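Enquirer: Turn this into a structure:
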Amino acid sequence: MTDFRFHPATEDDFERLLALRIAAMRPSLERIGRFEPARARERFRSGFLPDFMRLIVDGETLLGCVTFRPDEAGIWWIEHLYLDPAQQRRGLGAAVMKALLHEGDLNARTVRLAVLRESDANRFYVRLGFTETHREEWDIYYERAPGT
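Expert: From the prediction side, this is the model:
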């Protein structure tokens, strides 16, 4: 599955995207004993930036979401990349990342992201050219220079 388009998110999308986040992240968070619905809501709410969030859709079907935003230094961050579990391991994540990284390359921007330490996504991002910059208690941080 690689057919998709980005659609702008709005504040009204919060609840359905929270449900998507929980469905996508629950297995990884349960594996490390960190799944709590209240914490999931709080964490997603604190980082929910509709102006930078994109819905990943195929027609009217919501496949996932992603935030792609600049920080004060001009570094672009990929955050809240969640795919419906039924869409995972079918090429959609790679297609979404290819589109976002192409935007970063066109604008000569470094792209950064953080991944839960125990997530299978760590190998995925390394394959896409990201290199580890540091680790914190729960996350591994990566960056990719433009054109990598």
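Enquirer: Can you give the distance of the longest strand along the chain from its chain's centre?
Expert: In the chain, with assignment by DSSP state E, the single longest strand is strand 61-70. Distance, stretch centre to chain centre, for strand 61-70: 7 Å (CA atoms, centre = their mean, to the nearest Å).
Enquirer: The first helix or strand past that strand going along the chain packs against which elements?
Expert: The helix or strand immediately downstream of strand 61-70 is strand 76-83, counting by DSSP states H and E. Judged by 3 or more CB pairs under 8 Å, 6 or more residues apart in numbering; DSSP states H and E, strand 76-83 is in contact with helix 14-31, helix 37-47, strand 61-70, helix 92-106, strand 111-116. To be clear about C-beta, it is placed using only N, CA and C from the backbone, and glycine gets the same treatment.
Enquirer: among the ones you listed, which is the most enclosed?
Expert: strand 111-116 (a mean of 20; mean count of other CB atoms under 10 Å).
Enquirer: Strand partners (parallel or antiparallel) of that one?
Expert: When sheet partners are counted by DSSP bridges, strand 111-116 sits next to strand 76-83 (parallel), strand 139-144 (antiparallel).
Enquirer: Can you add distance to residue 124 and give those back as JSON lines?
Expert: Output for the strands paired with strand 111-116, formatted as JSON lines (distance: least, CB to CB, whole Å):
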{"stretch": "strand 76-83", "distance to residue 124": "10"}
{"stretch": "strand 139-144", "distance to residue 124": "10"}
